[in-house]
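*Asks:* need a structure here:
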Amino acid sequence: MIEEKEKKSRFRRKKKKDDEMLRIEELEKLMADTGGEVDPDTLISMYMPHRKRKLFAAALLRMDKLSLWLLGLLLAVAVLFIAAFMQEKMGNFTINLDRLELFRKGIAIADEGYFEKPTARLTANTVTDATNISIDDIPEDVDQIDGGHNGDNYMAYTYYVRNAGKEDVYYEASITLDSCAKGAEEAVRVAVWRNGERTVYAWPSADGTPEDGCENFVDEKTVCRFREEDFLVGNVDKYTIVIWMEGDDPECVDRIVGGSVEFSMHISADNDDETSLLWKFVKDIVDTLKSDKPISAAGNDAPDYYKDRDVNWYNRRNGGATEPTE
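*Replies:* Next up, the predicted model:
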């Protein structure tokens, strides 16, 4: 046992001596390179390898509580920003509702007609390893299925927008092309069913004219826009979005194999309301004190203020539909 301890002690002494010799060699080289002018701090650090870490730790300990709190807050904001950025890029199709101007007023979206979980954001499942197909391969009843219902080589998503707030609003819905690769956007098709009426959008043909049976993209970054000028309290709109690579498109060639596209749909307020956010908060506080059904400016629960009655696709003010049978 004693011999083993002596061996370990000799090993540590030898390692320390070797390290010192290595630092001496480094110092000689450094002095030769600098002509003998060596920063004292550099010299000390060579003989105290962990000095910088110790100095940093000591500096942290010297910081007052306010400085440490600000540093922690800065790190937290950075983490939240990164998380939000990653979430924004998740999936190949997302639907985003303006929270400040619409969601807080009782406007909400949902992936089913009864609005059991109204929200301000929906994300479709990604379609991977898709190949080109024809529009004839898309089922005729594709707009009759709620939520995400991707098929072979196409993405399909159905969702609803409702006004269960306290006032009539305007809104604008637009689909944007967020990213693309290898020219895949030139052969993609985006079909939109709006309350049952279908329109197909495509990148302009080589001569700028619309592809057969399609309307041109609005521009390089915008697929289409819809403007609802009279979204009354109790109204519900239904959208179905289908995206695929059109095999009959002249631009659907081998060079786009392995390409990708990413879209998103944005629903924003389309009005001239320039009221400050601070005043809106004050108005909500006044409503709370008066028990006038205040609108929450935070959280994920969309308020329903339409005469204390559920607002859904089947009893909507702008024309009800037959409820599905089991």
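*Asks:* Could you use CA atoms for every contact and neighbour count after this?
*Replies:* OK.
*Asks:* So residue 165: helix, strand or coil?
*Replies:* When the structure is reduced to helix, strand and coil (DSSP: H, G, I helix; E, B strand; the rest coil), residue 165 reads as coil.
*Asks:* separation between the closest residue to it other than its chain neighbours and residue 163?
*Replies:* What sits nearest to residue 165 in space, not counting adjacent residues and going by Cα to Cα, 6 or more residues apart in numbering, is residue 106, at 3.9 Å. According to Cα to Cα, to the nearest Å, residue 106 stands 6 Å off from residue 163.
*Asks:* which one of these two has more residues nearby?
*Replies:* Between residue 106 and residue 163, counted using other Cα atoms under 10 Å, residue 163 has the larger neighbour count: 30 against 24.
*Asks:* What's opposite that one in the beta bridge?
*Replies:* Partner residues in beta bridges with residue 163, using DSSP bridges, are residue 107.
*Asks:* How about the contacts made by it?
*Replies:* Going by Cα atoms under 8 Å, 6 or more residues apart in numbering, residue 163 touches 106, 107, 108, 231, 232, 233, 234, 235, 236, 311.
*Asks:* Quick one: neighbours of the third one, just the number.
*Replies:* This means residue 108. Neighbour count of residue 108, defined by other Cα under 10 Å: 30.
*Asks:* Tell me who's in contact with residue 158.
*Replies:* Applying Cα under 8 Å, 6+ apart to residue 158 gives the contacts 111, 112, 143, 145, 146, 147, 148, 238, 239, 240, 241.
*Asks:* and which of these is nearest to residue 251?
*Replies:* Taking Cα to Cα as the measure, residue 251 sits nearest to residue 241 out of the contacts of residue 158, at 21.9 Å.
*Asks:* I'd like to know how far that closest one sits from residue 142.
*Replies:* When Cα to Cα is applied, the distance between residue 241 and residue 142 equals 9 Å.
*Asks:* neighbour-wise, which of the two wins?
*Replies:* Residue environment comparison for residue 241 versus residue 142 gives the larger neighbour count to residue 241, 22 against 18, counting by other Cα under 10 Å.
*Asks:* Contact partners for that one?
*Replies:* Residues 155, 156, 157, 158, 190, 191, 192, 193 are the ones in contact with residue 241 under the rule Cα under 8 Å, 6+ apart.
*Asks:* Spatially nearest residue to the fourth one (excluding sequence neighbours)?
*Replies:* What that stands for is residue 158. Leaving aside its chain neighbours, residue 158 sits nearest to residue 240 (4.1 Å; criterion: Cα to Cα, 6+ apart).
*Asks:* Next: the last one.
*Replies:* For residue 193, the nearest residue in space outside its immediate sequence neighbours is residue 240; the separation is 4.9 Å by Cα to Cα, 6+ apart.
*Asks:* cool, and the second one?
*Replies:* Here the nearest residue to residue 156 in space, its sequence neighbours aside, is residue 242; by Cα to Cα, 6+ apart that works out to 4.4 Å.
*Asks:* Count the neighbours of the one you found for me.
*Replies:* One way to gauge burial is a neighbour count; for residue 242, by other Cα under 10 Å, it gives 21.
*Asks:* One more: residue 205?
*Replies:* Residue crowding around residue 205 was assessed by other Cα under 10 Å; the count is 16.
*Asks:* how far away is it from residue 247?
*Replies:* When Cα to Cα is applied, the distance between residue 205 and residue 247 equals 14 Å.
*Asks:* Same check on residue 231?
*Replies:* Here the distance between residue 231 and residue 247 works out to 38 Å (Cα to Cα).
*Asks:* Now stretch 165-173 - C-alpha only, CSV.
*Replies:* Extracted as CSV, the C-alpha positions of stretch 165-173 are listed here (Å, rounded to 0.1, in the frame of the first residue of the first chain):
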residue,chain,number,x,y,z
GLY,A,165,-65.7,38.6,-30.0
LYS,A,166,-67.5,41.9,-29.1
GLU,A,167,-67.1,43.7,-32.5
ASP,A,168,-67.2,43.2,-36.2
VAL,A,169,-63.7,43.2,-37.7
TYR,A,170,-61.8,43.3,-41.0
TYR,A,171,-59.0,40.7,-41.7
GLU,A,172,-56.5,39.9,-44.4
ALA,A,173,-55.2,36.3,-44.9
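*Asks:* in that stretch, what's buried?
*Replies:* Buried residues in stretch 165-173, defined by neighbour count with 16 or more other Cα atoms under 10 Å: 165, 166, 168, 169, 170, 171, 173.
*Asks:* Regarding the residue nearest to residue 156, what is its secondary structure?
*Replies:* Classification of residue 242 into helix, strand or coil gives strand, according to three-state DSSP.
*Asks:* That one and residue 157, how far apart?
*Replies:* Per Cα to Cα, residue 242 is found 7 Å from residue 157.
*Asks:* Which stretches in this structure count as strands?
*Replies:* According to DSSP state E, the chain carries its strands in the segments 93-97, 107-110, 121-123, 147-148, 154-163, 169-181, 188-194, 197-202, 215-216, 222-231, 236-245, 260-269.
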